[in-house]
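Student: Fold the following.
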Amino acid sequence: MVKTVYIRPIAEAELDLLALLFQDPGEASEYGFFGYGDPGRLRRDFAENGFFTDHSGRLAVAVGSARESTEFVGEVGWHRVTTGPTSSSWNIGIALLARARGQGYGTRAQRLLAEYLFAHTQLNRVEASTEVDNVVERRSLEKAGFSYEGVLRGACFRAGQWRDMASYSMVRADVG
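Tutor: Sure, this is the predicted structure:
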């Protein structure tokens, strides 16, 4: 059976799986674990706004043979970043459970998220970045239609070191 990738609102029953992506180093991956944080934050944010604000959001990455019967395999998120005195862009990120990696789900989910943001907001640019040595994510962003822009030197602190980030973007005109 071929599984289709969907993005959809996160259900309350999926909050424990979502928390694994932030609190379990194995599930977060070597590129996704930034240390332990407030274990109740996700539940409070969900209760307060369902993970949607004017400046940010999260959706489930789910797979299945039909939208009604999908399995949670991760999340995509976005937040607004200021890019000029009168302009903003969306910065996106993704986290997949270990069992869901390497199957193309991330590539499809990132493309779906960019299309969703262009369809439902007025911003013109979606950007993403990943550590320069995260070859798998870099390839995924390129397959999803993002353009490589360059290296942001020393832009991310993780595991006791400042790391260089590869920057990618997509603009509204790129989505056909």
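
Student: contacting residues around the least confident helix or strand in the chain by mean pLDDT?
Tutor: Lowest by mean pLDDT, DSSP states H and E among the helices and strands of the chain is helix 25-28, with a mean of 90. Residues outside helix 25-28 that contact it (Cβ atoms under 8 Å, 6 or more residues apart in numbering): 20, 21, 22, 33, 34, 95, 97, 98. From N, CA and C alone the C-beta is placed, and that goes for glycine too.

Student: Mind doing that once more with 7 Å?
Tutor: 20, 21, 22, 33, 95, 97, 98 (Cβ atoms under 7 Å, 6 or more residues apart in numbering).

Student: In the chain, where is pLDDT below threshold?
Tutor: 1-2, 68 (pLDDT under 70).

Student: for it, what spans make up the strands?
Tutor: 4-8, 56-64, 71-84, 87-96, 125-131, 147-158, 161-171 (DSSP state E).

Student: Need the ones you listed in TSV (columns: mean neighbour count and distance to residue 14).
Tutor: Below are the strands of the chain laid out as TSV (neighbours: other Cβ atoms under 10 Å; distance: least, Cβ to Cβ, whole Å):
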stretch	mean neighbour count	distance to residue 14
strand 4-8	17	10
strand 56-64	21	6
strand 71-84	18	4
strand 87-96	20	13
strand 125-131	22	23
strand 147-158	12	25
strand 161-171	17	27
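
Student: Residue 104 is in contact with residue 140, correct?
Tutor: No. In this structure residue 140 lies outside contact range of residue 104 using Cβ atoms under 7 Å: 8.3 Å.

Student: what sits up against the longest helix belonging to the chain?
Tutor: Under DSSP state H, the helix in the chain containing the largest number of residues is helix 105-120. Contact with helix 105-120 is made by 5, 7, 59, 61, 63, 73, 76, 78, 90, 92, 94, 96, 123, 126, 140-141, 143-145, 170, 172, 175, as judged by Cβ under 7 Å, 6+ apart.

Student: Next: stretch 66-85.
Tutor: Looking at stretch 66-85 with Cβ under 7 Å, 6+ apart, the contacting residues turn out to be 6-7, 10, 14, 17-18, 21, 55-64, 88-97, 100, 105, 109-110, 113, 117, 125.

Student: ok, and the closest non-adjacent residue to residue 37?
Tutor: Excluding its sequence neighbours, the residue lying closest to residue 37 (Cβ to Cβ, 6 or more residues apart in numbering) is residue 22, at 6.5 Å.
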